[in-house]
Structure formats: C-alpha cells, structure tokens
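Q: would you be able to build a 3D model of this:
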Amino acid sequence: MTKLSVNINKFATLRNARGGNNPNVLQVAIDVQQMGADGITVHPRPDERHIRYSDVTDIKKIISTELNIEGNCREQKFIDLVLATRPDQVTLVPDDQGQLTSDHGWDTLKHRDYLKETIAIFKAAGIRVSIFVDPVPEIIKAAADTGTDRVELYTEHYAKQYSLDKGNEAIQAYVAAAAMARDCSLGVNAGHDLDLQNLHFFCKAIPWLQEVSIGHALICDALYLGLSNTIQLYKRQLVV
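A: A predicted model of the protein is given here:
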C-alpha cells in the first residue's frame, strides 16, 4: 500500500505567527506518527518562515518513522543540514529564492550532470534520494541517469483538472510517467495539492505508487475533522 508522509510545515507556520512554541512542532511530529502516518515530511526554506533548520535536527532525534526532508539542493546550507541530519529520504526540489511554494519539477535533461553530482553526495551518506519532476516521460528517463532512487511526481496540474471533472484526462500523463519510472527501475512518489477528493483516484491509477507527501490540504481538513481522524481518512484513500 502507498505510504502517507505528512508534511508538518503548516504547524510551524502557525507557531511562527505568534512566536513562542504553540503549537509545539516536535510534539506534533510525535503525535502524527502515533496517529498512523508512515512518515514525516519537512521542507525548510532559507528564510525559515515555517520549519526551522533547528526543528529538522530535533525532529530526527525523536521520531521512529521515516523522515523526508524536501528542499533546494542548490543551497549549501540545505546540503549541510541533510548530511548532518541523515534522514531516510531527501527530496530535491528546484525552488527559487523566496518561492511561495514549489511549482515546477527539475529539468533533468538540462541539469542532469549537476543532479548526478549532487545525488552522489547524498547517496554516499546512505540517504535515499527522490527528485521532484513534472510528469513527462523524457524527464523521467533522464532522471534515471542521475542516479536518483525515486522521482516525486508534481501533481498540481492533476489536482486542478480533477476539480474540473477532467480527472480521466489529466491522469494519463501521470500514469505514463509512472510507468516510465517503473521501467527505469525508479521508485515513484507524488505530492502537491493531493486531497481527500482526488487522492484515491490517483492511487488507483498508479497502484505501484510508493509514497505521497501531503501537508496543506491535510492540515486544512484537520481544522474541521480533527488531526487523528483526518490522517486515518487519508490513509483509507490509499487503499486500492
């Protein structure tokens, strides 16, 4: 079954809005795994507007489930953090400075040599590597040449089209990309705007999907449904 990694950035955003330590991000990480999440995802950014670099180090010490650190590997501070923390997985995202949220995947054709060199650094440290990509077969095929273990499919386009009742059309590109990844012996993750409405359809179309990383939508649902209940509802959508 596809694993659910919960992105806890939004809890840190709420904490930072008032200062202090409420909500306690470390306690959130412990609680989320006890509530059934298969992993914890964090995405530190240079301005530390949500998850702080110190949070990442502290979270790694206290959780027993998988830790996935997302971020821009063109920032030396990020590379240093990952190597010091040694998470189970690092997901490389081509964010620009000050970017609000991730909105595109790597051009693995253009940046193949750079990615190959960078990925080798993380793999030498025993860290599984995933790279954020758009659902384009040529991009996936080139990703295999970088030495990455997995790709994470950027799913915003699918989510938008699904909300317009065009899910059957939108899913085709993702199925083709995931099939290419499987043919290239790459694992497949997915993330961005997946929610309780569109998640099951996506997973059913790609039953070999290994992991989804979900934060914003899950936390929004938790405001109404409760965090523990929401995590279980999302996990049910992963059963195909």
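Q: CA only for contacts and neighbour counts going forward, please
A: OK.
Q: what are the phi and psi values for Ser130?
A: Dihedral angles of Ser130 (phi, psi; degrees, to the nearest 10) stand at phi -130, psi 140.
Q: quick one: neighbours of it, just the number.
A: 26 (other CA atoms under 10 Å).
Q: which stretches of the protein aren't confidently modelled?
A: For the chain, the stretches flagged by pLDDT under 70 are 96-103.
Q: now the residue minimising distance to the centre of it: phi and psi?
A: The chain has Ser213 as the residue nearest its centroid, 4.1 Å off, counting by CA atoms, centre = their mean. Dihedral angles of Ser213 (phi, psi; degrees, to the nearest 10) stand at phi -110, psi 120.
Q: same question, Gly187
A: Dihedral angles for Gly187 - degrees, to the nearest 10 - are phi -70, psi 160.
Q: now the strands for the chain?
A: Along the chain, the stretches classed as strands by DSSP state E are 3-7, 39-42, 66-71, 89-92, 128-133, 150-154, 187-191, 211-214.
Q: make JSON lines from those strands and add distance to Gln197 to it.
A: Formatted as JSON lines, the strands of the chain follow (distance: least, CA to CA, whole Å):
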{"stretch": "strand 3-7", "distance to Gln197": "16"}
{"stretch": "strand 39-42", "distance to Gln197": "21"}
{"stretch": "strand 66-71", "distance to Gln197": "24"}
{"stretch": "strand 89-92", "distance to Gln197": "25"}
{"stretch": "strand 128-133", "distance to Gln197": "23"}
{"stretch": "strand 150-154", "distance to Gln197": "17"}
{"stretch": "strand 187-191", "distance to Gln197": "14"}
{"stretch": "strand 211-214", "distance to Gln197": "13"}
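Q: residues in contact with the lengthiest helix in the chain: which ones?
A: As assigned by DSSP state H, the longest helix anywhere in the chain is helix 167-183. With CA atoms under 8 Å, 6 or more residues apart in numbering as the test, helix 167-183 has contacts from 135-137, 140-141, 144, 151, 153, 157-159, 161-162, 187-188, 202, 205-206, 209.
Q: which parts of it are buried?
A: 167, 170-171, 174-182 (16 or more other CA atoms under 10 Å).
Q: export those residues to TSV and tack on distance to Val32?
A: Formatted as TSV, the buried residues of helix 167-183 follow (distance: CA to CA, whole Å):
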residue	distance to Val32
Gly167	30
Ala170	31
Ile171	29
Tyr174	29
Val175	30
Ala176	33
Ala177	31
Ala178	28
Ala179	31
Met180	33
Ala181	30
Arg182	30
